[in-house]
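A.B. asks: Here is my input; please provide its structure:
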Amino acid sequence: MGKKDRNTPRMAFASLRDMPGTRVMFWVVDGCPYCGERHLHIAGNLRMADPGESLGEYPAPCDPSRTYEVALTPRPKRKQSKEARRKARRDGKDEVLDDDKW
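C.D. replies: Numbering: from 1, shown residues only. Below is the predicted model:
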């Protein structure tokens, strides 16, 4: 780990959840970049607060001297189109299987 890496905050991907029976929302970081544990950060009231405003840098509860940036989880990549899958399947049929590939 270099010196620059020690001072820059790492990314922590979070999901928004609400506390059952209350109006409180939390950002849940399932895997802390420092300790790997689950941490909670208050996102606000369910009815009046905008949870996107509470994203940003937070001190890590496991080590308050270090910070991480709470961000939304990235969206999954789109699947290949039907034509691309068909083309890949056709290209695979043209291959001759040798004893080495079998």
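A.B. asks: Only C-alpha atoms from now on, for both contacts and neighbour counts.
C.D. replies: Noted.
A.B. asks: Just the mean pLDDT for the lengthiest helix in the chain, thanks.
C.D. replies: In the chain, with assignment by DSSP state H, the single longest helix is helix 82-94. Across helix 82-94, the average pLDDT comes to 80.
A.B. asks: Next: stretch 54-74.
C.D. replies: Per-residue scores along stretch 54-74 average to 89.
A.B. asks: May I have the longest helix of the chain as CSV, with CA atoms only?
C.D. replies: Extracted in CSV, the C-alpha atoms of helix 82-94 (Å, rounded to 0.1, in the frame of the first residue of the first chain):
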residue,chain,number,x,y,z
LYS,A,82,-30.2,-12.1,-29.2
GLU,A,83,-28.3,-11.7,-32.5
ALA,A,84,-24.9,-11.6,-30.7
ARG,A,85,-25.7,-14.8,-28.8
ARG,A,86,-26.8,-16.5,-32.1
LYS,A,87,-23.6,-15.4,-33.8
ALA,A,88,-21.4,-16.7,-31.0
ARG,A,89,-23.2,-20.0,-31.1
ARG,A,90,-22.8,-20.3,-34.9
ASP,A,91,-19.1,-19.4,-34.6
GLY,A,92,-18.7,-22.1,-32.0
LYS,A,93,-20.3,-24.8,-34.2
ASP,A,94,-17.7,-24.1,-37.0
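A.B. asks: Give me the neighbour count for residue 26.
C.D. replies: 21 (other Cα atoms under 10 Å).
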